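In: Here is a sequence together with a model predicted from it:
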Amino acid sequence: MRNPFLKSSWFFVAVFTIAISLFLSACSTEKTDVANMGTPTQAPTFAKLSASDPEVQAVMEVQNKHTAKLMADKNVVGTATGLTADGKIAVLVFLEKGDATPKGVKAISSIPADLDGVPVVVEVTGAFKAMKTTAVSHKAKQTPPIQLGTSGGWRYDLANGYCCGGTLGSLIQKGGTQYVLSNYHVLWGDIVAGGNSRVATAGDPVIQPGLIDVGCNAANAQNVANLSGAGSLPSANVDAGYAQVISGMVRTDGAILEVGTISATTVAAYVGQPVKKSGRTSGLTRTTVSGLNGTVSIQYETECAGTAAFVKTFTGQVILKGGKFIQSGDSGSLMVEDITTNPHAVGLCFAGSATNGIANPINAVLSWAGATMVGQ
């Protein structure tokens, strides 16, 4: 796993401790996952198992029934509905710790083999954390109007000797006005007047690149948008925030680096769905959806390098295969279908672990924002 904050040449950037039930620290990396950047993958034969399928819904009911009891075990960091190795619908249980054996996972926690007759698949994922961070460069300062899928964040996200940032993911619109979409914890995460004597406030500038890529000196970046409305947390079931575009600073077609333009409409996730995202740290990466209806609890901080603020339990989340799909700094990336032309948005990336990524369903994000995607 990786630090959600990276080091800069001016300041050391701290571990952003976002964990499931526990505080954890991890190692930092900026390497691009070359293996995940190959040609688009083909969906397996069971790919159409979506949340609207009655069989999937029945298993989700079993998952929801048992999730609270399962997560009372502090080693259980989440649950979801997914598949067994031979394609049967199952309840997935994610553990922070455990040992792999030739016969499967030797879990530190006692997890039943089935729940109400539904098979249980145990995966040791490590802790999930929000992926904020201290080929085409996604970190470079662009000539306006900029493309998205790029480094960015709140202009004043510097406190306690550290600076933070994430990804400016995509373009949305409300009433004909365009906004940059990212995560709450990228744009609105400073909620106390602590190390920098300020809190994130509507009207504050959003910059490109983020502070972590300009030596923690905002003068080396450019203002591209201004915070609008308010962040989604702690009340909403999505980690989202948006900022009104400054005229001429962002491409009006919403183009994303290495993805291009997207569709103006969205699609729901389904198990086995091939997806991709373009983010600040790992650039363009690809994977497949491995679970639906995910429940995860994530701890947020008061500010950059701050103290614990609150724990948010999210439900109905999309679980992604592979820990390198969403890396530290990729928070705010838009997850889309893995197709070449005008892919539909599927989710908003916000958290992950050493083995899995997590995304808010995009329709839940747009419903919260009262917005639509900008696209073709």
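Out: That came in fine, so what should we check first?

In: Only C-alpha atoms from now on, for both contacts and neighbour counts.
Out: Will do.

In: where does stretch 87-101 sit relative to the chain's centre, distance-wise?
Out: Centroid separation for stretch 87-101 versus its chain: 21 Å, with C-alpha atoms, centre = their mean, to the nearest Å.

In: Check which residues of it are buried.
Out: 89-98 (16 or more other C-alpha atoms under 10 Å).

In: Just put those in JSON lines and tack on distance to residue 151 and pLDDT.
Out: As requested, the buried residues of stretch 87-101 are exported to JSON lines (distance: C-alpha to C-alpha, whole Å; pLDDT from 0 to 100):
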{"residue": "89", "distance to residue 151": "38", "pLDDT": "96"}
{"residue": "90", "distance to residue 151": "37", "pLDDT": "97"}
{"residue": "91", "distance to residue 151": "36", "pLDDT": "97"}
{"residue": "92", "distance to residue 151": "33", "pLDDT": "97"}
{"residue": "93", "distance to residue 151": "33", "pLDDT": "96"}
{"residue": "94", "distance to residue 151": "30", "pLDDT": "94"}
{"residue": "95", "distance to residue 151": "31", "pLDDT": "93"}
{"residue": "96", "distance to residue 151": "29", "pLDDT": "91"}
{"residue": "97", "distance to residue 151": "32", "pLDDT": "88"}
{"residue": "98", "distance to residue 151": "35", "pLDDT": "82"}
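
In: Could you tell me which strands sit next to the helix or strand hosting residue 299 in the sheet, and their orientation?
Out: According to DSSP states H and E, residue 299 maps onto strand 283-301. Using DSSP bridges, strand 283-301 pairs in its sheet with strand 76-83 (antiparallel), strand 274-279 (antiparallel), strand 308-321 (antiparallel).

In: For residue 113, find the nearest of those strands.
Out: Closest approach to residue 113 among these (C-alpha to C-alpha): strand 76-83, 13.9 Å.

In: what's that closest one in contact with?
Out: Around strand 76-83, the neighbours that count as contacts under C-alpha atoms under 8 Å, 6 or more residues apart in numbering are 20-21, 56, 59-60, 63, 67, 70-71, 89-96, 109, 121, 126-128, 271, 290-297, 319.

In: returning to what we had before: max pairwise distance over the buried residues of stretch 87-101: which two?
Out: 89 and 97 (23.9 Å).

In: Checking residue 63 next. Helix, strand or coil?
Out: helix (DSSP: H, G, I helix; E, B strand; the rest coil).

In: Distance check, it against residue 118.
Out: 9 Å (C-alpha to C-alpha, to the nearest Å).

In: now residue 110
Out: From residue 110 over to residue 118 (counting by C-alpha to C-alpha), the distance is 17 Å.

In: Pull up the overlap in contacts between residue 63 and residue 118.
Out: Common contacts of residue 63 and residue 118 (C-alpha under 8 Å, 6+ apart): residue 91.

In: and these two? which has more neighbours close in?
Out: residue 63 (26 against 16; other C-alpha atoms under 10 Å).

In: Who are the contact partners of that one?
Out: Remark: with contacts taken as C-alpha under 8 Å, 6+ apart, residue 63 is in contact with 79-81, 91.

In: out of the residues you listed, who's nearest residue 149?
Out: Closest to residue 149, out of all of those and judged by C-alpha to C-alpha, is residue 80, at 27.4 Å.

In: How about the closest one: which residues does it bridge to?
Out: If you apply DSSP bridges, the partners that residue 80 bridges to are residue 92.

In: right, and the helix or strand after the helix or strand bottoming out on mean pLDDT in the chain?
Out: Within the chain, no helix or strand scores below strand 104-107, which has a mean of 57 by mean pLDDT, DSSP states H and E. As assigned by DSSP H and E, the chain's next helix or strand after strand 104-107 is strand 114-115.

In: how much space between the spatially most central residue of the chain and residue 312?
Out: Geometric centre of the chain, nearest residue: residue 350, 1.8 Å, by C-alpha atoms, centre = their mean. Residue 350 sits 13 Å away from residue 312, taking C-alpha to C-alpha as the criterion.
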